[in-house]
Structure formats: C-alpha cells, structure tokens
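Undergrad: what would the 3D arrangement of this be:
(2 chains)
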Amino acid sequence: MKKRPSLYLAAGLFASTVLFTGGCRRPQSEQIVVTGASTVYPIVQMASEELRRTKGLDVMAQGGGSTRGFEDCIAGRNSLGAMARELTPEEKAQVIVFPIAYDGVGIVVHASNQISGLTTEQLRQIYRRQITNWSNFGGREDRIVVVHKAEGHALREVFMKYTGLTPDEITRHTDVTAGDNAQVIRVIANTANAIGYVSLGEVIKAAEAGQPVRLAKLNGIEPVMKNVTNKTYPLFHPLYLISKGEPQGGSRVLLDFLRSAEGKAIIREGNYVPLE
Amino acid sequence: MFRWNRARWFWTGAIALGLLPILAIFALAIFLFWNAASAAAQIGLQEFAAAEWLPQQNRYGVARLLAGTLAVTALALFLAVPVALSAAGYLSLYAGRKVRVAANTAIGVLGGIPSVVIGLWGMTWIVPLFGNSWISASLVLALMIAPTITLLSGAALRLVPADLLEASRALGVGEAIVSRVAFHHARWGILGAVVLGTSRALGEAVAVSMVAGNVVSWPNFMRPIATLTTTLIVELDSAAGLHRDALYLLACVVLGAISVLSVFGRAAQRKAGI
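TA: Below is the predicted model:
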C-alpha cells in the first residue's frame, strides 16, 4: 500500500482542529448570563438554583469584577451586569440600574486577636502606619500586618473612600495584597497579627466553617446583620444589577424574583441586606 | 481515492492527537498576543518600561514587577542550586542503588506537590519567620525548583562514563577532583537542568503569591514584593478594559521568557545527550 502522508496530515489537522474547538459552542439563546462583581455572585447563584427548579430558567453567573460587569453590559456580552460599587455619572448615563441589596464590609482579624473593636480613626492610623503594634489597642505585643485588596476590586475603593486613604498611602504601607474575598480570609486565617476588610457575609460564612477569623467592632457597633440592616453599622456598599436596555424575558424574571419576598429571603440567607 | 479503513482511522487519530498540543500552544499564544497588542499600543513602550504600576490611575509601568520577578528567581536559584547539585552529585556518583531510587522517588513526590499546598506550608512556617517578603517568596520557590534541578542534573551526571571516573581515581587524585571531573563532563546537562528550573521559577504564581505580599515595590529582602505572575493572580479576577489587557501583556512577557528559557534549556540538555 502506498502511503500518502500529506493526506493523513490534512485529515489529522482537521480532526485536531475539530477536537480543539469542539468545546467552544455559543450559549443557547434562552440562557441568562450575569457577569461582574464577585460579591453579587452568591446572590445570583442562589437565585439561579431556585429559578432553575421552579421556572426552568437557565442562569449562568460569572465573576470578573464590577468594571467587567459594566463593560460586558455595554458591549452586549451579558444579559445583566453585576456591580458592587457606586456607578460613576458617565456609567450611570449608559445603563439602567437596579439596586438589589447592600453588603456590610467587615473589619476582619485572626480569631486569637484580643481586640474588641476599632474606631474609624484608629483604622486610618493602622492603614497609615501611624500605629504599628496591636498592644496600642489592648492586644498582644505584635506587629500589625496590613492586608489590602488588589487594584480593581470594588471593596478596595469602598474602603479608600470610607477611610480617606490615598492610593500612594496604600502602596507605601501595605504588607499583603490579596485578590478576592477568599484570599483575604486565607491570609488572615494564617497570620495571627493581620487585619483586613472583607464582605461581612463571607467572614460569617468562613467563621462558621471553622476558619480562625473573626470580625472586629467598628466605632463600637457590633458587626452583625441586624446593625447592617438598620444602617447603624457604618461601613457598607450597595450591590446593583445593570441592564443596557429595559430588561426582557429571563432577565426580567430574575430581577422580579430578587425583589420578591422569596428572593429577599434568599438574599438574607446569604448574609446580605435586601432592599425594603 | 481516499477510503477509510482501520489503518487510516488509526493514523488520522494519532496525528490529530499529536498535533493537539501544538495547536493548543499556538491558540494560547495568539489569544494572549491578540489581547496584549491593544494594551501595548495604548500604553506605549516608554510608559510600559516605567516603574509606576497603578492601574486605577492608568499607569502601567512594568519595571518594578520585572525587578521583582528577577529578584525572587535569582535568590531562589542562589538557594536551590548548591543544595540541588550537591544532592544530585551524591545520589548519582556515590549513593547505592537503593538509596538513589528511594531518594529520587521522594524528590519526585516533593516536586509534584501542588503549589497551593507549598504556599500554605509557606504561610504557616516561613511567613512567621521572615514576613511577607522577598526572602519568603524565594525560599518557597527554591523548595519548588530544587527537585527539578536535582533530578535533571542527576540524570546528566549518571551519563558520565564510569571509565572516566575510574581513570581519574587511578591517577590518585582525591574524590573532590573526581567529582569535579564528573561535573565538568556533565556541564551541559546541568546547565539545562538549571535553566529549566529557572523557567519553572519564572512561571510559578500560586505559592509565591501566598507568601510574597504582592505589593509593587523595588526589591528589599524583608519587605513585600510583587512579581509579574503574582500581580496576574491578585488582579486578573477583577480587572477590566485596559487593565485586563495590560495583565495579558504581563502574561505575554512571562510566556516569552519561559519559551526562550525552555528552548535554551532543552538545547543544552540535547548537547549533553539527554
């Protein structure tokens, strides 16, 4: 038999291309895609489980940060964008904004840390390195390790706005930069003298799961859901879903669900505060 | 006429699977370059070469990140190479077969530990001693590349002809000289091992990001440090627009450096006959 290697090669290359691109099918038209802030992700995830069960609706949630949520929305790459920060005026002009809930920002320390709480001014002093030891707050004699979130995360901006820190102060005084909430919690759980800020619900969940982290009081206010709900706890940020035009079909169903009594119960379950 | 029979199915399948990795690496490279090109055009070379990496202010200077990567890698090599080469020398030239097999198996397992596990170990054992710092990052990295360098240079040393070593011994020189003869003979293979270890160090991200602190700054032994890959890890999940494209540009730099080193390392190994 005469071999014809070029034919095999061509067939092989073709088959290989098919194998390689086989996974890249376009999403089905009825699928609802939500991209953006990872803080909103758990809410959409929980709602999608419920909606799949009751209405057969296919909702897919993806992280990527608030700014990605906005850009995907403008470019039509998602059905709804998720944002965990205030929109800029230019952003607001281009989309329809649906407030979904808000989220407390917890000041998180290691479980073995004895301090009961901090004031906003003390927090500022820690993050500016004007105070560098836990003994100043009645804790043990230990250097304070300052943990920040990375550039582009909504919470970093929320925290900066609340404390009045400048970007330059952050670069000069940070010990650890972490990415998402889980990374911050992992750093604090493994560093007895660290301090950071994370979505309140994430800390409650992590502590319930046995991770050695806990929340510190802020200005004497207990960091519990009740105080976030009545807004006595001072550090929180809004969660939004955004849409390029008037939401239709599945997007509408998802938004209506999140504003129904059932949806609000799910939001509360995830340690977020639904809008009344 | 090209008719399908069993042999043809077999060859088509074999060639398809064989070409898959090549296609995958090309697809990956094209994806990265495509995304990075627009960032490169918008940022410009002068800004990209600058020191300030402040995405929120649209500053995308890579100099400190590059310095961080080079510093962490260099110190890791400085720590790992002497240990790895000594271990390889002992195991290949002097250890009995049983010891060598047992040790090589253990080293192989050490090299196969997922980097997130090494990172957790670093967080609990190294960070309390040295803080989130350049030293911590390099220590963790040294632990990860030492097995690679030990096993690959050990393989090179075992190719040294026994005649050569016996001839050296017959001249009455000490074992120090004998092992120098062996290392000299295996130099290309050892160079290849070190270069491949370096390329692994350049690409490692997870473990390093857990101990380095990831704060963009000029290298300082006891201060936090950020590398190209740790910046990718902490910023990619929330980056959008130009910021994300700039991160793809960082990934391109890492991919380019690793590709060059891998080719160079393999060439050195081939020269040594491995």
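
Undergrad: check the secondary structure at the residue nearest in space to the middle of chain B for me.
TA: Nearest to the geometric centre of chain B sits B:R200, at 1.2 Å (C-alpha atoms, centre = their mean). Look at B:R200: counting by DSSP: H, G, I helix; E, B strand; the rest coil, its state is helix.

Undergrad: can you pull out the strands in the chain?
TA: Answering for chain A, as no chain was given. Per DSSP state E, chain A carries strands over the ranges A:32-36, A:59-64, A:80-83, A:96-110, A:117-118, A:145-149, A:176-178, A:194-199, A:213-218, A:236-243, A:273-274.

Undergrad: that's the wrong chain, I wanted chain B
TA: Along chain B, the segments classed as strands by DSSP E run B:53-54, B:59-60.

Undergrad: could you list the residues in contact with the first one?
TA: Translated: strand B:53-54. For strand B:53-54, contacts defined as C-beta atoms under 8 Å, 6 or more residues apart in numbering or on different chains pick out A:151, A:167, A:171, B:59-62, B:64-65, B:216, B:226, B:231. Every C-beta, even on glycine, is put in place using the N, C-alpha and C of the backbone.

Undergrad: let me see the contact set for the residue minimising distance to the centre of chain A.
TA: Closest residue to the average C-alpha location of chain A: A:T39 at 2.4 Å, with C-alpha atoms, centre = their mean. Listed by C-beta under 8 Å, 6+ apart, the contact set of A:T39 reads A:84, A:103, A:154-155, A:181, A:199, A:239.

Undergrad: phi and psi next, for it.
TA: Main-chain torsions, A:T39, degrees, to the nearest 10: phi -70, psi -30.

Undergrad: what about the closest residue to it other than its chain neighbours, neighbour count?
TA: On the basis of C-beta to C-beta, 6 or more residues apart in numbering or on different chains, the spatially nearest residue to A:T39 that is not a chain neighbour turns out to be A:A84, at 4.3 Å. Other residues near A:A84 number 26, with proximity taken as other C-beta atoms under 10 Å in any protein chain shown.

Undergrad: now B:L93
TA: B:L93, neighbours per other C-beta under 10 Å, totals 18.

Undergrad: same check on A:Q183?
TA: 23.

Undergrad: what's the pLDDT at it?
TA: Note on A:Q183: pLDDT of 89.

Undergrad: show me what contacts it?
TA: Contacts of A:Q183 (C-beta under 8 Å, 6+ apart): B:V234.

Undergrad: make it 10 Å
TA: By C-beta atoms under 10 Å, 6 or more residues apart in numbering or on different chains, the contact set of A:Q183 is A:147, A:149-150, A:176-177, A:196, A:198, B:209-210, B:214, B:233-234, B:237.

Undergrad: turn the residues you listed into TSV, columns for neighbour count, pLDDT and distance to A:T229.
TA: Below are the contacts of A:Q183 laid out as TSV (neighbours: other C-beta atoms under 10 Å in any protein chain shown; pLDDT from 0 to 100; distance: C-beta to C-beta, whole Å):
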residue	neighbour count	pLDDT	distance to A:T229
A:V147	25	96	27
A:K149	28	92	24
A:A150	25	90	29
A:V176	27	94	31
A:T177	32	93	31
A:G196	26	96	23
A:V198	26	93	19
B:S209	27	95	36
B:M210	31	94	35
B:N214	30	94	34
B:I233	23	91	35
B:V234	26	91	32
B:D237	18	80	29
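
Undergrad: got those as JSON lines, with distance to A:K244 columns?
TA: Converted to JSON lines, the contacts of A:Q183 look like this (distance: C-beta to C-beta, whole Å):
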{"residue": "A:V147", "distance to A:K244": "36"}
{"residue": "A:K149", "distance to A:K244": "28"}
{"residue": "A:A150", "distance to A:K244": "28"}
{"residue": "A:V176", "distance to A:K244": "37"}
{"residue": "A:T177", "distance to A:K244": "33"}
{"residue": "A:G196", "distance to A:K244": "35"}
{"residue": "A:V198", "distance to A:K244": "31"}
{"residue": "B:S209", "distance to A:K244": "35"}
{"residue": "B:M210", "distance to A:K244": "39"}
{"residue": "B:N214", "distance to A:K244": "35"}
{"residue": "B:I233", "distance to A:K244": "31"}
{"residue": "B:V234", "distance to A:K244": "30"}
{"residue": "B:D237", "distance to A:K244": "23"}
